[in-house]
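1. Sequence and predicted structure are below.
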Amino acid sequence: MKKQLIKRSWAEPYKMKMVELLKMTTIAHRKKAIKEAGYNTFLLKSEDVYIDLLTDSGTNAMSDQQWAGLMIGDEAYAGSKSFFRMEKAIKEYYGYKYIIPTHQGRGAENILSKILIKKGDIVPGNMYFTTTRLHQELAGGKFYDIIVDEAHDPNSEFLFKGNVDIDKLDILVKKYGAKRIPYVSIATTVNMAGGQPISMKNLKELRVYTKKNGIRIIHDMTRVAENAYFIQQREKGYEKKSVKDIVKEICSLTDGATMSAKKDALVNIGGFMAINDYDIFEEARNLVVVYEGLHTYGGLAGRDMEAIAIGIAESVNDHHQRARVGQVEYLGHQMESYGIPIVKPIGSHGIFVDARAFLPHLTQDEFPAQTLAAEIYIDSGVRTMERGVVSAGRKANGENYYPKLELVRFTMPRRVYTQAHMDVIAESVAAVYERRSKIKGLKMVYEPKYLRFFQARFEIKS
Ligand code: F0G
């Protein structure tokens with residue numbers, strides 16, 4: 001008998017214990033809802049959404065262990081047992097020496113930027129992130145993108161689009177001098193590039209370069225375990241290492257970190273700053289009291305810190321990451337089967353559809369990605385978000401940033417949706433793709449000053 005090669009699929013390493021019922025709506029209802037929301041998916045009411053792919057931030061399903069942890073959260077104002085448990089988990093799994101809890105990632109970015117950045121400083125990074133760059137700028141710094149060119153090309157299939165181009169960094173160091181560069185800002189994985197990883201090889205080279213020049217590396221470790229999974233899958237020498245060990249190695253190559261625990265760490269709220277330098281820690285411990293709360297809670301309830309401690313341990317489990325990234329890949333492959341242009345390689349936290357290629361008849365001033373997100377919502381109630389010219393915002397001189405990438409992000413909450421949901425999403429995008437030539441662009445009718453993508457309002461261009 002001929003032996004057959006049987007494909008072995010991944011499946012979720014958990015089962016469901018409780019479900020949340022969703023409201024099913026009609027196209028007419030959704031047309032009205034998106035118009036009322038100014039064609040901005042951030043302004044929709046969540047009860048009008050069927051499958052919510054707005055973000056993977058704080059939208060995770062916690063485990064029974066985490067829910068149980070909530071019950072034993074210690075709500076003491078000072079010296080909470082839950083803080084010490086969270087601190088222990090951070091030291092054990094990430095290896096940083098000193099920890100400051102914050103209400104979420106941007107709280108940590110604010111404190112860190114205030115301490116390290118002086119007016120006129122240069123902050124190079126592997127692509128910007130909205131809140132990170134804003135805090136760098138508010139502290140007086142200027143952000144410079146030093147990511148490899150491949151990251152800006154949605155068609156490049158380079159496996160480590162999160163890598164730093166060290167030559168680009170070297171040009172900045174030669175031009176401004178290392179003294180004006182308080183740190184290099186490194187994200188694992190790179191959100192705005194499509195959830196793309198940095199390789200260990202690149203990070204090691206960056207460590208050598210920065211050590212030589214006396215420059216710190218600050219790690220935006222929001223999705224570090226997802227980055228570690230890609231290293232395990234793609235980088236020579238790491239095939240047999242666990243996600244847990246790779247995460248620790250990544251962190252060991254950096255001097256400190258900011259973390260939005262709302263992603264990797266599988267909770268609904270929380271974050272922290274971590275640093276190995278005692279003097280910086282001391283200043284942060286002082287500043288956190290001004291902006292977040294006492295240094296043993298930083299804006300978090302004891303139960304939140306308890307859930308983070310448990311979530312960190314769950315996040316570095318190899319099976320968890322395989323299912324997490326596997327689900328995103330499944331959705332990507334479904335879309336590709338319909339010919340939808342997506343950013344490749346498929347990233348860790350979502351599928352990024354190339355809105356310029358999808359709607360080639362729209363100029364960037366007609367907001368192709370914003371338009372496409374609204375159309376997909378109307379078609380099926382699937383909520384996505386714009387990652388293009390609206391998110392990029394304006395420069396200090398008032399001019400628009402015009403990013404090369406004009407994307408719609410289908411961000412996957414962790415442990416929330418099923419494979420059947422993935423099919424429904426891909427079919428909806430395919431339906432919109434079929435009628436793409438009839439889609440009209442948008443005009444912006446209200447623009448807030450900061451992080452405009454959250455609250456801007458639009459109308460259909462006539
Ligand atoms: N860094 C990265 C890479 C992020 O993706 C985020 C948040 C932050 C920092 C800020 O953390 O939200 O806890 O204050 N990203 C969310 C998103 C909002 O939808 O991509 P936060």
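-> Ah, there it is.

2. residue ranges with poor pLDDT in this protein?
-> Counting by pLDDT under 70, the chain contains low-confidence residues at 1-3.

3. Apply 80 and report the result again.
-> Scanning the chain for pLDDT under 80 picks out 1-4.

4. Tell me the residues of the chain that contact the ligand?
-> With C-beta under 6 Å from any ligand atom as the criterion, the chain meets the ligand at residues 55, 57, 104-106, 129, 131-132, 187, 191, 220, 222, 260, 262, 271. Where you see a C-beta, it was placed from the backbone N, CA and C, and this is true even at glycine.

5. so of the residues you listed, which ones are in helices?
-> Mapping the residues of the chain next to the ligand onto helices (DSSP state H) picks out 105-106, 131-132.

6. Quick check, Q455 in contact with N40.
-> Yes: Q455 lies in contact with N40 (C-beta atoms under 8 Å); the separation is 7.3 Å.

7. Residues that sit against both of those two, list them.
-> Common neighbours of Q455 and N40, using C-beta atoms under 8 Å, 6 or more residues apart in numbering, do not exist here.

8. more crowded one of those two?
-> N40 (24 against 15; other C-beta atoms under 10 Å).

9. sorry, back to before: and which of the residues of the chain next to the ligand is nearest F410?
-> Relative to F410, the closest of those is T55; by C-beta to C-beta it sits at 10.5 Å.

10. which one is the spatially most central residue of the chain nearest to, not counting chain neighbours?
-> Nearest to the geometric centre of the chain sits N191, at 4.3 Å (C-alpha atoms, centre = their mean). Nearest-residue entry for N191: F129, 5.5 Å, with adjacent residues in sequence omitted and distances by C-beta to C-beta, 6 or more residues apart in numbering.

11. Tell me the buried residues in the strand or helix carrying K32?
-> Per DSSP states H and E: K32 is located in helix 27-36. By 16 or more other C-beta atoms under 10 Å, the buried positions in helix 27-36 come out as 30, 33-34.

12. what do you get for stretch 278-289?
-> Buried, per 16+ other C-beta under 10 Å, within stretch 278-289: 280-281, 283-285, 287-288.

13. Out of those, which sit inside strands?
-> Cross-referencing the buried residues of stretch 278-289 against strands under DSSP state E gives no overlap.

14. Identify the farthest-apart pair in those residues.
-> Every pair of those checked by C-beta to C-beta; the farthest is I280 and V288, at 12.3 Å.

15. okay but A61 is in contact with M412, surely?
-> No: with contact defined as C-beta under 8 Å, A61 does not reach M412; the gap is 11.6 Å.

16. The two: who's more crowded?
-> M412 (26 against 18).

17. Pick out the residue of the stretch 1-150 of the chain closest to the ligand.
-> Nearest residue of the stretch 1-150 of the chain to the ligand (C-beta to the nearest ligand atom) works out as G105 at 2.4 Å.
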